[in-house]
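Enquirer: no FASTA, just this:
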């Protein structure tokens with residue numbers, strides 16, 4: 001359940017209080033002449049509810065008020081908020097005082113001092129309103145930013161200012177401001193109850209899992225990157241250790257982090273007893289040079305192989321055609337035997353049968369058969385060629401990687417030899433290398449086996465997929481449509497009672513267009529096309545009455561009050577002089593107020609009407625909390641206006 005307004009409190013510069021009282025779960029009317037400060041009440045309430053710059057603009061309010069206050073009530077709990085009038089031309093103040101308790105006593109002026117800032121006030125009111133931690137996330141591909149539900153988004157449903165209550169274009173408070181319409185659409189499912197607490201909990205869990213998955217993937221990626229750096233750096237250090245006898249000359253380069261640590265630790269613990277002969281250094285360098293030369297030759301051969309295969313792939317078709325032409329030429333002159341074995345005594349050129357085999361005839365015949373087989377076998381096999389190219393590229397990559405590794409080892413040996421060439425004592429040399437190895441082991445990040453992380457990533461993805469299936473945005477929109485159809489029934493009933501145009505047809509809220517529509521046989525008719533100003537005003541009133549009845553019934557986290565600023569203005573414009581029409585419109589006004597009374601009774605929410613009309617009937621007079629018709633009674637007392645600073 002959310003809160004209602006019990007009192008509005010103004011403090012003047014001398015500490016005097018001006019209190020405007022309201023009844024909860026009831027209709028409250030403040031009636032008075034123009035210029036008495038009725039509309040300023042909305043500004044004061046919004047300012048005290050965390051609006052950044054919504055102070056009243058009337059001169060006597062800006063000059064004579066020191067603090068604005070509001071007392072809110074939710075069940076038996078009360079919350080008092082006071083906010084400093086910034087004065088000095090400023091539009092807002094961070095000096096805010098709050099107090100929350102049962103049976104709260106209004107504090108004196110001297111007690112008002114800042115104990116919360118504006119962000120803290122918004123958080124406080126958000127919780128006091130009953131708003132859970134709901135985060136809106138746009139669909140994938142949409143450019144707007146995610147956001148969270150807070151009190152500022154909830155009070156959109158709580159005000160209908162003088163210029164809004166009969167507006168044909170905009171249904172909700174501040175709807176005409178930039179970006180507000182989309183915000184209303186985004187958070188409507190939450191405030192209407194289409195998003196339940198279970199949805200919010202699952203959404204929160206989903207966001208936490210996504211954040212955890214993102215962090216874990218970054219960790220694994222970093223570890224893989226570090227692992228590559230670790231291996232290159234470690235191999236360099238191992239090569240240095242080998243050069244100075246801390247590791248055997250036949251030491252192989254380890255390929256796992258555990259092996260690297262083991263090799264480096266063994267190098268640190270090694271205590272060579274004699275100085276490493278210089279020839280060993282040269283021998284090691286020469287071995288590396290020879291190995292690199294050998295690998296370089298291999299890389300050249302592989303490159304030539306790749307080049308040849310690429311050429312074969314490009315000219316495969318032409319090669320096959322050329323082979324067929326050559327075969328045809330040999331066959332045309334009879335040099336390629338057809339279906340004859342070597343046992344026949346046939347001349348390979350004229351094909352005449354030889355009574356006695358000529359010397360070399362069998363050899364010629366054999367060679368011609370071999371040529372025929374080779375020409376027959378000439379064909380293009382592009383997939384096979386591509387595979388050969390790919391295999392060759394893989395081999396080349398491995399060879400080039402080995403060359404780079406050898407280069408690192410050679411450079412390391414040369415660098416270290418340069419640095420310690422003046423050190424004659426082998427113990428000092430080894431100490432230098434050991435110190436570098438020890439520092440490396442102390443400072444490097446331990447590249448652990450990522451199997452555990454990979455398993456956890458797979459499990460997180462599975463849980464995320466399950467939650468995403470449970471949290472169906474389309475299903476949420478379906479629930480919202482169902483709720484709006486339910487509210488539409490009450491809206492239609494109220495429209496029929498007021499005899500509004502199109503009232504025989506279903507009247508409903510369009511959540512995409514943010515307006516009221518009537519569903520007729522010829523299609524939907526929007527509020528802008530329905531009748532005149534009194535129709536638009538009536539649609540605003542019945543829409544917000546229906547919404548607040550729903551909010552209160554379902555105990556939703558929207559403050560349980562609604563302000564209407566001069567709803568009768570549509571019936572009594574200033575230029576009206578026709579008495580017969582005034583009488584007719586008075587009947588409509590009476591019907592409207594009786595409707596409001598009936599819909600608020602036992603519904604659990606509060607209506608505050610700031611009205612110019614003062615109907616002289618008991619039922620109306622009972623709802624009036626204050627009258628500001630004489631020159632002595634206004635929002636700001638006349639005595640304050642004429643007072644001077646002491």
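Expert: It's in. This is a predicted model, so every value here is computed, not measured.

Enquirer: low-scoring stretches of the stretch 201-350 of the chain, by residue?
Expert: Scanning the stretch 201-350 of the chain for pLDDT under 70 picks out the ranges 201, 222-231, 272-281, 315-350.

Enquirer: Just confirm residue 133 contacts residue 207, I think it does.
Expert: No: using CB atoms under 8 Å, residue 133 is not in contact with residue 207; the gap is 9.8 Å. No exception for glycine: its C-beta is placed from N, CA and C like everyone else's.

Enquirer: and the top helix by length along the chain, what does it pack onto?
Expert: Across the chain, the longest stretch assigned as helix under DSSP state H is helix 197-243. Applying 3 or more CB pairs under 8 Å, 6 or more residues apart in numbering; DSSP states H and E, one finds that helix 197-243 contacts strand 135-136, helix 257-269, helix 278-314, helix 382-419, helix 426-443, helix 451-470.

Enquirer: I'd like the ones you listed laid out as JSON lines, including mean neighbour count and distance to residue 58.
Expert: Compiled in JSON lines, the helices and strands packed on helix 197-243 are given as follows (neighbours: other CB atoms under 10 Å; distance: least, CB to CB, whole Å):
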{"stretch": "strand 135-136", "mean neighbour count": "16", "distance to residue 58": "37"}
{"stretch": "helix 257-269", "mean neighbour count": "17", "distance to residue 58": "74"}
{"stretch": "helix 278-314", "mean neighbour count": "14", "distance to residue 58": "85"}
{"stretch": "helix 382-419", "mean neighbour count": "15", "distance to residue 58": "79"}
{"stretch": "helix 426-443", "mean neighbour count": "15", "distance to residue 58": "68"}
{"stretch": "helix 451-470", "mean neighbour count": "13", "distance to residue 58": "52"}
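
Enquirer: which stretch among those comes nearest residue 491?
Expert: Closest to residue 491 of the helices and strands packed on helix 197-243 is strand 135-136 (CB to CB; 26.2 Å).

Enquirer: need the next SSE after the closest one, C-terminal direction.
Expert: Sequence-wise, the next helix or strand downstream of strand 135-136 (DSSP states H and E) is strand 147-148.

Enquirer: And the helix or strand following that next one, what does it pack against?
Expert: The C-terminal neighbour of strand 147-148 among helices and strands, as given by DSSP H and E, is helix 151-154. Counting contacts by 3+ CB pairs under 8 Å, 6+ apart, helix 151-154 is packed against helix 118-128, helix 180-191.

Enquirer: Tell me which of these lies nearest to residue 59.
Expert: Comparing the helices and strands packed on helix 151-154 by CB to CB, helix 118-128 comes nearest, at 25.0 Å.

Enquirer: pLDDT (mean, whole number) over the closest one?
Expert: The pLDDT scores in helix 118-128 average 96.

Enquirer: next one: phi and psi at the residue nearest to residue 270 when sequence neighbours are not counted?
Expert: When the adjacent residues along the chain are set aside, residue 270 lies closest to residue 246, with 4.6 Å between them (CB to CB, 6 or more residues apart in numbering). Main-chain torsions, residue 246, degrees, to the nearest 10: phi -80, psi -20.

Enquirer: Among the helices and strands packed on helix 197-243, which comes closest to residue 202?
Expert: Closest of the helices and strands packed on helix 197-243 to residue 202 is helix 451-470, at 5.6 Å (criterion: CB to CB).

Enquirer: Am I right that the residue nearest to residue 270 is in contact with residue 435?
Expert: No: taking contacts as CB under 8 Å, residue 246 lies outside contact range of residue 435: 11.8 Å.

Enquirer: Provide a list of residue ranges in the stretch 51-200 of the chain with pLDDT below threshold.
Expert: The stretch 51-200 of the chain contains residues with pLDDT under 70 at 54-57, 88, 140-143, 196-198, 200.

Enquirer: if we go to 90?
Expert: 51-64, 76, 86-92, 103, 132-148, 179, 195-200 (pLDDT under 90).

Enquirer: My guess is residue 6 contacts residue 20. True?
Expert: No: Residue 6 is beyond contact range of residue 20, at 10.1 Å (criterion: CB under 8 Å).

Enquirer: which parts of the strand or helix carrying residue 586 are buried?
Expert: Assessed by DSSP H and E, residue 586 sits inside helix 579-600. For helix 579-600, burial by neighbour count (16 or more other CB atoms under 10 Å) applies to 585, 588, 589, 592, 593, 595, 596, 597, 599, 600.

Enquirer: Columns distance to residue 305 and pLDDT on top of those, output as CSV?
Expert: Output for these, formatted as CSV (distance: CB to CB, whole Å; pLDDT from 0 to 100):
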residue, distance to residue 305, pLDDT
585, 98, 80
588, 95, 89
589, 97, 92
592, 92, 95
593, 95, 96
595, 91, 97
596, 91, 97
597, 95, 97
599, 88, 97
600, 90, 97
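
Enquirer: ok, of those, which one's closest to residue 14?
Expert: Taking these together and measuring to residue 14 by CB to CB, the closest member is residue 600, at 37.7 Å.

Enquirer: so who does that closest one touch?
Expert: If you count contacts by CB atoms under 8 Å, 6 or more residues apart in numbering, residue 600 has them with 25, 26, 27, 545, 606, 607.

Enquirer: just residue 637 next, same as before
Expert: residue 18.

Enquirer: Please tell me how far it sits from residue 262.
Expert: Separation of residue 637 from residue 262 (CB to CB, to the nearest Å): 88 Å.

Enquirer: Then residue 614?
Expert: Residue 614 is 94 Å from residue 262, by CB to CB.

Enquirer: One more: residue 624?
Expert: 90 Å.

Enquirer: Equivalent analysis for residue 176, please.
Expert: Taken as CB to CB, the span from residue 176 to residue 262 is 72 Å.

Enquirer: got it, and residue 620?
Expert: Applying CB to CB, the value for residue 620 to residue 262 is 93 Å.

Enquirer: Same check on residue 168?
Expert: Counting by CB to CB, the gap from residue 168 to residue 262 is 81 Å.

Enquirer: Repeat that for residue 551.
Expert: Noted for residue 551: a distance of 68 Å to residue 262, by CB to CB.

Enquirer: Contact partners for the closest residue to residue 130 other than its chain neighbours?
Expert: Sequence neighbours aside, residue 557 is the residue nearest to residue 130 in space, at 3.8 Å (criterion: CB to CB, 6+ apart). Neighbouring residues of residue 557 by CB under 8 Å, 6+ apart: 2, 129, 130, 131, 132, 149, 154, 191.

Enquirer: Tell me, how many residues neighbour the second one?
Expert: By that I understand residue 129. With neighbours defined by other CB atoms under 10 Å, the count for residue 129 comes to 23.

Enquirer: now the first one
Expert: Residue neighbour count, defined by other CB under 10 Å, stands at 23 for residue 2.

Enquirer: was I right about it contacting residue 126?
Expert: No: using CB under 8 Å, residue 2 is not in contact with residue 126, being 10.7 Å away.

Enquirer: Please tell me how far the residue nearest to residue 270 sits from residue 533.
Expert: Separation of residue 246 from residue 533 (CB to CB): 95 Å.

Enquirer: Give me the buried positions along the strand or helix carrying residue 639.
Expert: Per DSSP H and E: residue 639 is located in helix 638-641. Within helix 638-641, the residues that count as buried by 16+ other CB under 10 Å are residue 640.

Enquirer: chain center to that helix, what's the gap?
Expert: Remark: helix 638-641 is offset 52 Å from the chain centroid, using CA atoms, centre = their mean, to the nearest Å.
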